[in-house]
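In: following is a predicted model, sequence given first.
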Amino acid sequence: MPSSIPYDPSLVLANVVDNKALQLIQQIAAAAAPADAAQNDLNALIAMRRSLDMTRNELVNLGINTKSCNDELSSLNNEITAAAEDYVKKKITAEKTIKPLRAQIKGVNSQAESPVDYTKTQIKSMPLASDSMNMDVQYFSMDSNIESADAYASTIATFVAASTSWMGVNASKDMSNAAQKQVSSQAQKHSLSGTLVLSVSCTHKNASVLAPFVLNPDKAIGTWNRLFPNDSLDPTNRMQMMQCAWMKEDQGTSNRYSILSGMTFGSSFVGMVHVLNSTDGKVNETMTSAAQSLQSQMDAAAWYEAQSGGFGVNSSIATDVKNLLSSQNVTTHVTLISMGVIPSMVASEVKLGVQTFAKFDPKASMEAIAELQNSTVQGQNSLQASASAARTGKQMVTMKGMEIKAALEGLAEIDDGHNKMLDINSMMSALDDYLKKASEGNSGVPLNYFLKDITKKELAEAWVAKYYPNQHSITNDDTTPAPRAQAAA
């Protein structure tokens, strides 16, 4: 992506320029220029390839032979590959060069006071440059959803009757078993991931200049003495100041400092967003119910005529085993470097929640178990009735299938609320706001610096013109020149 505009906070309009800071910015810009140019070449080739592809498709639809076009596009593919390799190499080289230079930029600085007279100087905005924009956006998205479910229910019923004679005139032993099982298994995996990489750089037409530009001689001399203690000015020595104002200055060897008197502006917006929202759920539930009955019947005509008695043991058991694993993983990584414009970042809401059983409490679980258990016992009772009918009517044992009742529990979603997070929508909203503010041209970081050099002679002239206006006039600022005193005849 194109590099962001290099900027040093110490380079402030109307302040004394730190030459080292200015040189550092120029070195960073020079190191990034080859990679930016290589990317522009690559983007131009890719855009041309896409345009030519559409042209070829139109020719195919018209039934025109495109063999020569295909040959040329093959050659273009080789150029794109070479351009991509060149860009990658230059980009890596540029980042290695810029890294130590960028580390030298300080966020907090101290420097001499500005010698500009703010009460008489004005900052004007003038359309000296031009508006332009360079944008490169890459977006990747993947959404996948996998679901699987398996459920089954089964019933098993058996009846056994055994006749014995040792217990009396007529005796029989009846044993019945009934079992029911319901199993449900469900798996779900949903993954949504997206990556957005975008870069925008703009130049703004409006420039800020100091017009009129007026120095405060006293502050300017104080700044000079701080910067050049071995070549200082003494404003208490009138003769020295007069001689310095009238002397001829050697432009090649004399000391000087620069004031930032104007600048043109630009802005850059470089951002990256990676969002991963994955939901994974696995559910298993098994319910079993078993009932067993042992009955012994004996008919004793000698004891009780036409009467019968019995004794036995009935038992039943039901179990419910539940397993649920539901997880949600939300990961987002947002990087934004905006120079010259501060865009508005609006967070988006993301819904958080995992799954749970719809009625996950002891009462509901016992009710579900009782429902399945009662269904199983009813099936067993039907077996006993059939056995009794068979024993009484001397008929074959009849089997009756039990009715299956759904007792498995459904799923519900735990609502963990909504959290605010920065995502792709947030970045696009920030881009809209950036473009709106950039088009207004009321902000930006410096692209071009207008420097005004201040020499020792000019400071002496300004001091003499301020305190002795009839003897000398200022020649290097925007104040109205004072008339020089006429030489005596």
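Out: Thanks, I have the structure now.
In: was I right to think Ser267 contacts Ser443?
Out: Yes. Assessed by C-beta atoms under 8 Å, Ser267 is found in contact with Ser443 at 7.1 Å. For the C-beta atoms, the positions are set from N, CA and C on the backbone; glycine is no exception.
In: who has more neighbours, these two?
Out: The residue with more neighbours, out of Ser267 and Ser443, is Ser267; 27 against 14, by other C-beta atoms under 10 Å.
In: which residues does that one form a beta bridge with?
Out: Cys202 (DSSP bridges).
In: tell me the contacts of it?
Out: By C-beta atoms under 8 Å, 6 or more residues apart in numbering, the contact set of Ser267 is 5, 201-202, 204, 338-341, 434, 438, 443-445.
In: so what sits opposite the closest residue in space to Tyr7 that isn't next to it in sequence in the bridge?
Out: The shortest distance from Tyr7 to any non-neighbouring residue, by C-beta to C-beta, 6 or more residues apart in numbering, is to Val445 (4.5 Å). Note on Val445: beta-bridge partners Gly266, judged by DSSP bridges.
In: give the residues shared as contacts by Ser267 and Ser443.
Out: Joint contacts of Ser267 and Ser443 (C-beta under 8 Å, 6+ apart) are 340-341.
In: mind listing what's buried along the helix or strand hosting Ala462?
Out: Taking DSSP states H and E as the criterion, Ala462 maps to helix 456-467. By neighbour count on 16 or more other C-beta atoms under 10 Å, the buried set for helix 456-467 is 456-466.
In: and for stretch 237-244?
Out: By 16+ other C-beta under 10 Å, the buried positions in stretch 237-244 come out as 241-242, 244.
In: which residues are in contact with the residue nearest to Glu461 when sequence neighbours are not counted?
Out: Counting by C-beta to C-beta, 6+ apart, Glu461 lies nearest to Ala245, which is 4.7 Å off, once chain neighbours are set aside. Ala245 sits next to 457, 460-461, 463-464, 472 when contact means C-beta under 8 Å, 6+ apart.
In: turn those residues into TSV, including distance to Pro212.
Out: As requested, the contacts of Ala245 are arranged in TSV below (distance: C-beta to C-beta, whole Å):
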residue	distance to Pro212
Lys457	21
Ala460	21
Glu461	17
Trp463	19
Val464	20
His472	19
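In: which element is Ala187 on?
Out: strand 170-210.
In: longest helix anywhere in this structure?
Out: Counting residues, the longest helix found in the chain (DSSP state H) is helix 19-61.
In: could you give me the buried positions within the helix or strand following that one?
Out: Following helix 19-61 in sequence order, the next helix or strand is helix 67-102 (DSSP H and E). Buried residues in helix 67-102, defined by neighbour count with 16+ other C-beta under 10 Å: 69, 83-84, 86-87, 90-91, 94, 97-98, 101.
In: on that earlier part again, next, count neighbours for the residue nearest to Tyr7.
Out: Counted with other C-beta under 10 Å, Val445 comes out at 21.
In: right, and it touches Gly340 too?
Out: Yes. Counting by C-beta under 8 Å, Val445 does reach Gly340; the two are 4.1 Å apart.
In: mutual contacts of those two, please.
Out: By C-beta under 8 Å, 6+ apart, the residues touching both Val445 and Gly340 are 5, 265-268.
In: of the residues you listed - the most surrounded one?
Out: Scoring the shared contacts of Val445 and Gly340 on neighbours with other C-beta under 10 Å, the highest-scoring entry is Ser267 at 27 neighbours.
In: per-residue pLDDT, that residue?
Out: Per-residue confidence at Ser267 stands at 93 (pLDDT).
In: what's the answer for Asp231, then?
Out: Taking Asp231 on its own, its pLDDT is 88.
In: ok, how many other residues are close to it?
Out: 11.
In: ok, for it, nearest residue in space, not its chain neighbours?
Out: Per C-beta to C-beta, 6+ apart, closest to Asp231 is Asn255, 5.4 Å.
In: pretty sure the one you found sits against Lys456.
Out: Yes. Between Asn255 and Lys456 there is a contact at 6.4 Å, judged by C-beta under 8 Å.
In: which neighbours do the two have in common?
Out: Here Asn255 and Lys456 share the contacting residues Asp231, scored by C-beta under 8 Å, 6+ apart.
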